[in-house]
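A.B. asks: got a structure for you, letters missing:
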DNA sequence: TTACTTAGTGCCGAGAACGAACTAAAGGGG
DNA sequence: CCCCTTTAGTTCGTTCTCGGCACTAAGTAA
């Protein structure tokens, strides 16, 4: 239950101003109208933001009548964050500014058997040259993450891992998050849709859900692990159970199905190439997957009722071939009319998406705090606390 | 993006004080420590609340050392709300105070073919004698409700209904909500668990999810319509599609299964009676349902990751017989270890639960506003706006 | 040149919290 | 019996932030 004082009011109003400026340049008068704040209050806060170098003055407006205003805009690269993905294949590290622009990115592969300690130490070595500067480092894992603990990551073969000791080695604030959840957050942060589901479909299947602008984490960080919905199948999943949806929809099964049709593709890259060339069996296998995905999306739609579904992971590359059958199947299976034309689009960041999501953890937090970063530094040793808005605790807390 | 001024500070701090007092009586000094507010600020706000009759002074504490404090508590029945359920069978109307105590309740049945206009007019007639007084009337429907519009209620046979014109007839603030969502809210409001799923299982199946104290509604109010997840079945659902989970788990199918086993029960009441008497076929049918429910809950757990599942609807009455097989099945099918012992319990309000949920819409809102009810009366004609905390819009809005 | 319109600043008052000093009310020890 | 310690609660002056009004600034139109 958050208490209020004058500093809290200042934070709320700075947040509002930065939030509007993030979308487009505005004059002080515009901000006063939009926020409902008095012009004098806006002027004062803007003056503060100018001093801090977060905001800059730009061109003048030329209205049909009256004195022209001075447009204010956020200064590009005034603040940025690092993001990393610890994926099954390798690691991606990048820097991202508040506009979502990737300032630089670096990737490396790793031995199959590399453990968490080894991989995080390599990451630490890569991060060192870039501090100080970034707001923080957010990194993602393909598994269930809660409060810097990794409960289970079947596709990495890791489980029950307390990351805190490793994270304390880093010379800047660090946060860990599930890959789908972080990706979902980056979508809402950069594209503004407050209700969406971000599907990560590669070997595994997971979804990050944002509802009313807030990430749905659940009590133990496991919300959205829909790859482990039990279906009618009988195949054994990497989690050890049988019949998980992931065994049907995961791209491993796409390859297997293609081979069962008599297709010749040794990996997904080859299969994708064949689809691009119009090879019939490849297209048929993809069509089959798209149909199953459409049915799955119909279930996703009634579970979370998103206004948008973003497809990420390796499946995003197959999207042009998946899209048709997927939409047709979704239309046929949707519960509500509104879901028949549920917008579905591929992720824009490609394979960088999870790392972008990681960085957006800190960018989102920065704007949530109204840019008051230096003034409240490193509470809890700099651990990131919450990205979404408002109290995490609710009515009964 | 909410702005802040001094009134907002006051609201936040009144909300904090009322929130703590709602749980137990406390002295001013306790409140100061808990909220972090200065003693003087607490005294001033408490004085205000005493004047308004929301809070009263009670006994003195007798600490081992120092001056005794005066305990403060919320005055029972100082505020209350009306709640109603427009169910398939009939209508329930009740009054509920902030402690969750049902002040009075009234129920009536209605002709099968009664339409929304007819039923709401009857409700209006029953409500008239009780106004003014209540904070508002929240009523629930077994269907998809968004912003006072009922999109679809298969089990009522209603669809695409704009309730606003009907609701404007009421002489107090009115809000409509899905039955499972409202029930879920009442659970979090009265029992304090911020992450839970409230299952309504009768003829239909739906779930209300609360995550971090906020109701999960989705973009179109359809989140949690899990009764319409498509499974492997082939039975035709009331929604017109085939294979909805509801056709498997709905209690209609329980009765059918019992009959298929050779059981003799003409309705659920009779079946329940037989289960109570230990009749083998009844117990077997219920066991079968419990097993399927356990599997379903494993899926629900990975979808929303609640810390608690509450079972409501007619199924709550079967809970003693469902519980064993359900837990066994859940344990066998759970994805995470944490979900193996996911607490599952029946709703405490019995068949009044949805109406209690309706009333809790207004009670929750009242506390969210820090008890500033009369001061912000009837914006939008008294329409209830949001129950959950903070901005509904998020990062990108 | 003047009237009008809109942008932005300066100043003061209001509301709220904070903090320090103070009073109130208990128990315990000499 | 008095005084000391401890905790509860109040009073009062200070600080912070916004709101509102008056005012200046900078355009267009007549």
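C.D. replies: Noted; the coordinates are in hand. Everything quoted here is computed from the prediction, not taken from an experiment. Numbers count the residues shown, from 1 in each chain, chains lettered A, B, ... in the order given.
A.B. asks: Could I get the pLDDT score of the residue in the stretch 51-200 of chain A positioned nearest to chain B?
C.D. replies: Nearest to chain B, among the residues of the stretch 51-200 of chain A, is residue A:192, at 2.9 Å (C-beta to the nearest C-beta). C-beta: built from backbone N, CA, C; applies to glycine. Residue A:192 is assigned a predicted lDDT (pLDDT) of 87.
A.B. asks: Can you get me a residue count around it?
C.D. replies: 16 (other C-beta atoms under 10 Å in any protein chain shown).
A.B. asks: before we move on, what about residue A:147?
C.D. replies: Residues lying near residue A:147 (other C-beta under 10 Å) number 14.
A.B. asks: which ones are touching the closest residue to it other than its chain neighbours?
C.D. replies: Leaving aside its sequence neighbours, residue A:147 sits nearest to residue A:221 (C-beta to C-beta, 6 or more residues apart in numbering or on different chains; 7.5 Å). Taking C-beta atoms under 8 Å, 6 or more residues apart in numbering or on different chains, we find residue A:221 in contact with A:144-147, A:151, A:178, B:305.
A.B. asks: Which strand or helix spans residue A:221?
C.D. replies: When elements are assigned from DSSP states H and E, residue A:221 belongs to no helix and no strand.
A.B. asks: what does residue A:273 give?
C.D. replies: helix A:268-277.
A.B. asks: Next secondary structure after that helix?
C.D. replies: By DSSP H and E, the next helix or strand past helix A:268-277 is helix A:280-304.
A.B. asks: show me where the stretch 101-250 of chain A has helices.
C.D. replies: A:116-127, A:164-167, A:179-191, A:245-249 (DSSP state H, counting those that start in this stretch).
A.B. asks: Out of those, which is closest to DNA strand D?
C.D. replies: helix A:179-191 (23.7 Å; C-beta to the nearest atom of the strand).
A.B. asks: chain center to that closest one: distance?
C.D. replies: Mean-position distance between helix A:179-191 and its chain equals 2 Å (C-alpha atoms, centre = their mean, to the nearest Å).
A.B. asks: List the buried residues of that helix.
C.D. replies: The neighbour-count check on helix A:179-191 (16 or more other C-beta atoms under 10 Å in any protein chain shown) flags A:179-190 as buried.
A.B. asks: Can you tell me which of those are also in contact with chain B?
C.D. replies: A:185, A:188-190 (C-beta under 8 Å from any C-beta of the partner chain).
A.B. asks: from those, which single one is nearest residue B:323?
C.D. replies: residue A:185 (37.9 Å; C-beta to C-beta).
A.B. asks: Check that closest one and give its pLDDT.
C.D. replies: So, for residue A:185, pLDDT stands at 94.
A.B. asks: likewise residue A:294?
C.D. replies: pLDDT at residue A:294 comes out at 96.
A.B. asks: okay, now it: neighbour count?
C.D. replies: 22.
A.B. asks: hmm, the helix or strand hosting residue A:85 in reach of chain B?
C.D. replies: Per DSSP H and E: residue A:85 is located in strand A:80-86. No: using C-beta under 8 Å from any C-beta, strand A:80-86 stays clear of chain B, coming no nearer than 14.4 Å.
A.B. asks: Tell me which other helices or strands that strand touches.
C.D. replies: Judged by 3 or more C-beta pairs under 8 Å, 6 or more residues apart in numbering or on different chains; DSSP states H and E, the packing partners of strand A:80-86 are strand A:90-97, helix A:116-127, strand A:137-141, helix A:353-368.
A.B. asks: In the contacts of residue A:221, which has the lowest confidence score?
C.D. replies: Within these, pLDDT is lowest for residue A:147, at 88.
A.B. asks: Spell out which parts of the stretch 1-150 of chain A neighbour chain B.
C.D. replies: A:1-6, A:8-13, A:15-16, A:19-20, A:35-37, A:144.
A.B. asks: ok, which of those residues also contact DNA strand D?
C.D. replies: The subset of the residues of the stretch 1-150 of chain A next to chain B within reach of DNA strand D, by C-beta under 7 Å from any atom of the strand, is A:6, A:9-10, A:13, A:36-37.
A.B. asks: can you tell me the helix or strand for residue A:17?
C.D. replies: Assigned by DSSP H and E, residue A:17 falls within helix A:6-23.
A.B. asks: Show me the domain layout of chain A.
C.D. replies: Here the domain parsing of chain A from automatic domain parsing is A:6-74, A:80-183+A:352-382, A:191-351.
A.B. asks: quick one: is the second one near DNA strand C?
C.D. replies: No: judged by C-beta under 7 Å from any atom of the strand, domain A:80-183+A:352-382 and DNA strand C are separated, with a smallest distance of 14.9 Å.
A.B. asks: Single out the residue in chain A that lies closest to DNA strand C.
C.D. replies: residue A:66 (2.0 Å).
A.B. asks: rewinding a little: using CSV, lay out the helices and strands packed on strand A:80-86 together with mean pLDDT.
C.D. replies: As requested, the helices and strands packed on strand A:80-86 are exported to CSV (pLDDT from 0 to 100):
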stretch, mean pLDDT
strand A:90-97, 96
helix A:116-127, 93
strand A:137-141, 95
helix A:353-368, 96
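A.B. asks: I'd like those as a markdown table, with mean neighbour count appended.
C.D. replies: As requested, those are exported to a markdown table (neighbours: other C-beta atoms under 10 Å in any protein chain shown):
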| stretch | mean neighbour count |
| --- | --- |
| strand A:90-97 | 22 |
| helix A:116-127 | 16 |
| strand A:137-141 | 30 |
| helix A:353-368 | 28 |
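A.B. asks: Alright, I will stop here.
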